[in-house]
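Q: show me the folded form of this:
(one chain, ligands or ions: 1)
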Amino acid sequence: MIILKNLNKDFHQKNKKVTALANVSLEVKPGKIFGIIGASGAGKSTLIRCVNLLEVPDSGEVIVDGRNLMTLSSGELSKARREIGMIFQHFNLLSSRTVSGNVAFPLELAGMPKRDIAIRVSELLSLVGLAEKATDYPATLSGGQKQRLAIARTLACNPKILLCDEATSALDPATTKSILELLKDINRRFNITILLITHEMDVVKSICDEVAVISEGKLVEQGTVSEIFAHPKTELTSAFIKSAIKVTVPDFYRDRLHQEKVADSNPLLKLGFTGDTTDSAVISEASQRFAIKYNIITAQIEYAGAVKFGVMIVEVTGASDQHEQAMNWFKTQHIIVEELGYV
Ligand SMILES: Nc1ncnc2c1ncn2[C@@H]1O[C@H](COP(=O)(O)OP(=O)(O)OP(=O)(O)O)[C@@H](O)[C@H]1O
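A: Here you go, the predicted model:
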């Protein structure tokens, strides 16, 4: 549905050249959700804006639904752009129009008869859960409602592709979750291909089928979300994956944590589960094999597709030689073991 071939884009700021995209190639298959993740300034916005030629690359090819957009006349390009919807971090709504008026706008531009517009607008507002807000103005909506409205407006012209430019970055976690669910629902229901950019691995993990990691204008890694989470090849990707895990030692234990063993203290372990970890009941197995008890203090285990990953912090009780053996056994199960100290 989207093929980008060898895209290059430089910007010139005063006497300085900034390379925003360097030989970027990727392919998004029909009906998939593809995420591009990168830090600030990595080139994400430039890349996604190249897909509808809001940004024109210096060289390379942008092929959407079989057509090379770089070779189209401006009339043909406007037509092709109708099939490519886009939503933004700051919603870009028309403040002088009501909720209905915003959704109706692209349909009016397309010359749809008034009665048909009314039917379509009402369908779309129901789809995004805003039917009761039809006569309100955008200023009275919450951030999540504004993004729902932007999604409804974008869907009005039945696009085949939806580009999402940091669509959830201005939203709180619960609202982010509901918007991501809506995007997934739209993707499944209408088979719309979604290309999104984000700086949060949580977003990728929640809805993407495939992901590419961008750094300094280059794609440093790409593949299915399960593959990338299971076997990240670069430090940057590993850091993004780790950022999706937010496990810390609770204050109650942190206050009692010693680096050296003191009387009656027990080791505190951090166990890291990656895509390589054996998928079995490792804690209970270690407990039985080595006569050790594990008190789970806190944990976050997540799934990216079929890949399980995450972190568990456990307090260990039992003989120290058994504990050493258990630690070695964990490593054979591809669990990353870190001794945090003694509590
Ligand atoms: N219009 C422009 N003029 C000059 N430089 C630009 C322009 N747009 C982007 N750049 C530069 O290109 C590089 C990539 O910018 P881009 O906005 O694509 O990154 P990003 O990954 O989307 O960052 P962020 O997450 O902060 O939005 C940056 O160094 C930026 O300063």
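Q: near L21, how many other residues are there?
A: 27 (other Cβ atoms under 10 Å). (Each C-beta comes from the backbone N, C-alpha and C, glycine too.)
Q: roughly how far does it sit from the ligand?
A: 8 Å (Cβ to the nearest ligand atom, to the nearest Å).
Q: can you pull the contacts of that residue?
A: The contact partners of L21, by Cβ atoms under 8 Å, 6 or more residues apart in numbering, come to 7-9, 43, 46-47, 50, 57, 217.
Q: list the buried residues of the host helix or strand of it.
A: In the assignment (DSSP states H and E), L21 maps to strand 16-28. Neighbour counts over strand 16-28 (16 or more other Cβ atoms under 10 Å) mark 19-22, 24, 26, 28 as buried.
Q: ok, stretch 297-317 next?
A: So, applying 16+ other Cβ under 10 Å, buried residues of stretch 297-317: 297, 302, 304-305, 307-316.
Q: now render those residues as CSV, adding secondary structure, pLDDT and distance to L236.
A: Formatted as CSV, these follow (DSSP: H, G, I helix; E, B strand; the rest coil; pLDDT from 0 to 100; distance: Cβ to Cβ, whole Å):
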residue, secondary structure, pLDDT, distance to L236
I297, strand, 95, 30
E302, strand, 85, 19
A304, strand, 80, 17
G305, coil, 76, 20
V307, strand, 81, 19
K308, strand, 82, 22
F309, strand, 84, 17
G310, strand, 87, 20
V311, strand, 90, 19
M312, strand, 93, 25
I313, strand, 95, 25
V314, strand, 96, 29
E315, strand, 96, 33
V316, strand, 95, 33
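Q: and the next element down the chain from the helix or strand of the chain with the lowest mean pLDDT?
A: Least confident helix or strand, the chain: helix 225-230 with a mean of 86, by mean pLDDT, DSSP states H and E. Helices and strands here follow DSSP H and E; after helix 225-230, the next one along the chain is helix 235-243.
Q: name the helices or strands packed onto that next one?
A: helix 201-207, strand 210-215, strand 218-224, helix 225-230 (3 or more Cβ pairs under 8 Å, 6 or more residues apart in numbering; DSSP states H and E).
Q: nearest spatial neighbour of P30, skipping sequence neighbours?
A: Distance criterion Cβ to Cβ, 6 or more residues apart in numbering; nearest residue to P30, sequence neighbours excluded, is M1 at 4.5 Å.
Q: before we move on, back to that, mean confidence (pLDDT) on the strand holding L21, please.
A: For strand 16-28, mean pLDDT is 96.
Q: can you give me the angle it makes with strand 210-215?
A: Angle, strand 16-28 to strand 210-215, by axes from the mean of the first three to the mean of the last three Cα atoms, to 10 degrees: 170 degrees.
Q: tell me the angle of strand 16-28 relative to strand 218-224?
A: Going by the same axes, to 10 degrees, strand 16-28 makes 20 degrees with strand 218-224.
Q: going forward, count from 335.
A: Got it, first residue is 335 now, which makes that one strand 350-362.
Q: show me what strand 350-362 pairs with in its sheet, parallel or antiparallel.
A: strand 336-347 (antiparallel) (DSSP bridges).
Q: C-alpha coordinates for the partner strand, CSV please?
A: Written as CSV, here are the backbone C-alpha positions of strand 336-347 (Å, rounded to 0.1, in the frame of the first residue of the first chain):
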residue,chain,number,x,y,z
ILE,A,336,2.9,2.3,0.7
ILE,A,337,6.4,1.9,-0.7
LEU,A,338,9.1,4.4,0.1
LYS,A,339,12.3,3.9,-1.9
ASN,A,340,15.6,5.5,-1.0
LEU,A,341,14.1,8.8,0.3
ASN,A,342,16.6,11.6,1.0
LYS,A,343,15.7,15.0,2.4
ASP,A,344,18.0,17.8,3.6
PHE,A,345,17.0,21.1,5.2
HIS,A,346,19.2,24.1,5.0
GLN,A,347,19.2,26.3,8.1
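Q: now it: buried residues?
A: 336-339, 341, 343.
Q: show me which of those is closest to F524.
A: Checking the buried residues of strand 336-347 against F524 with Cβ to Cβ, the nearest one is I336 at 16.5 Å.
Q: for the closest one, what are its contacts?
A: Neighbours of I336 in contact, by Cβ under 8 Å, 6+ apart: 360-362, 368, 385, 397-398, 495, 527, 529.
Q: how about 6 Å then?
A: Applying Cβ atoms under 6 Å, 6 or more residues apart in numbering, we find I336 in contact with 362, 398.
Q: go on, V641?
A: 560, 563-564, 609.
Q: in TSV: the residues you listed, plus neighbour count and distance to the ligand.
A: Below are the contacts of V641 laid out as TSV (neighbours: other Cβ atoms under 10 Å; distance: Cβ to the nearest ligand atom, whole Å):
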residue	neighbour count	distance to the ligand
S560	16	25
F563	27	21
A564	20	25
G609	19	26
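Q: now distance to E466 too, for the residues you listed, in TSV please.
A: Shown next, in TSV, are the contacts of V641 (distance: Cβ to Cβ, whole Å):
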residue	distance to E466
S560	39
F563	39
A564	44
G609	44
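Q: count of neighbours near the residue in the stretch 385-534 of the chain positioned nearest to the ligand?
A: Proximity of the stretch 385-534 of the chain to the ligand (Cβ to the nearest ligand atom) peaks at H533, 5.7 Å away. Applying other Cβ under 10 Å, we find 15 residues neighbouring H533.
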